[in-house]
Each structure stands twice: as structure tokens, then as C-alpha cells.
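Q: Below is the structure, and that's it, no one-letter string:
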């Protein structure tokens with residue numbers, strides 16, 4: 001899985017936002033705000049990745065156990081998938 005083409009992540013002040021561009025503006029209007037962990041996972045998903053890749057990166061970056069990282073990653077990926085951000 002990976003992030004679909006047509007979304008740009010940008011930092012506006014202290015916030016990280018994702019906005020659609022091009023054809024994606026037809027299907028998704030508005031923007032989403034990412035927290036630090038969401039931005040971290042978003043960056044991983046710029047390339048083809050599996051949940052295990054995300055979990056591994058999260059346990060190295062943050063002081064969390066594998067079960068917590070997996071639960072958080074799965075929840076975030078589910079939301080991205082439901083909103084149409086993943087291919």
C-alpha cells in the first residue's frame with residue numbers, strides 16, 4: 001500500500017496538513033491535519049509499505065512496544081483507506 005498521487009503534505013506554522021491537488025480535488029475537498037505520528041506514517045507510505053514496515057519504523061522512532069505501534073498503525077491506515085488516500 002502507498003499514498004495515492006494527488007496529495008501534498010505541507011507544514012503551515014505548527015500544523016502539518018495534506019491537501020488534494022489535480023484530479024483528487026474532485027473526490028476530496030478540504031484538507032486533513034496530521035499529528036506528529038500521522039506525519040511520520042504518511043512519510044513511510046510515500047513508498048510501497050506494509051503494516052510491518054510501519055510498525056518497525058515506529059518502534060525505532062518512538063518509545064512504544066510493537067503491539068501499541070501495530071494498533072496505532074492499523075487504525076491510521078484504516079482511516080486513510082476509508083478516505084481514499086491509499087492505493
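A: Alright, I've got the coordinates. Note that this is a predicted model, so its numbers are computed, not measured.
Q: Torsion angles phi and psi at residue 31?
A: phi -150, psi 170 (degrees, to the nearest 10).
Q: Actually, residue 86.
A: phi -110, psi 150.
Q: Beta-bridge partners for it, please?
A: On DSSP bridges, the residues paired with residue 86 through beta bridges are residue 3.
Q: Contact partners for it?
A: 1-4, 45, 77, 80 (CB atoms under 8 Å, 6 or more residues apart in numbering). (C-beta placed from N, C-alpha, C; glycine too.)
Q: Just the buried positions in the top helix by length along the chain, please.
A: The residue-count maximum for a helix in the chain (DSSP state H) belongs to helix 66-82. Judged by neighbour count using 16 or more other CB atoms under 10 Å, the buried positions of helix 66-82 are 69-70, 72-73, 76-77, 80.
Q: Can you report how many residues lie near the residue nearest to residue 34 when sequence neighbours are not counted?
A: Residue nearest to residue 34 in three dimensions, not counting chain neighbours: residue 16, with 4.5 Å by CB to CB, 6 or more residues apart in numbering. Per other CB atoms under 10 Å, the neighbour tally for residue 16 reads 18.
Q: any chance you could map the helices in this structure?
A: 24-27, 36-44, 51-61, 66-82.
Q: quick one, the second one and helix 51-61 angle?
A: Okay, so that is helix 36-44. 130 degrees (axes from the mean of the first three to the mean of the last three CA atoms, to 10 degrees).
Q: Helix 36-44 - contacts with which helices or strands?
A: strand 7-12, strand 15-20, helix 51-61, helix 66-82 (3 or more CB pairs under 8 Å, 6 or more residues apart in numbering; DSSP states H and E).
Q: Tell me which other helices or strands the longest one touches.
A: Packing partners of helix 66-82 (3+ CB pairs under 8 Å, 6+ apart): helix 36-44, helix 51-61.
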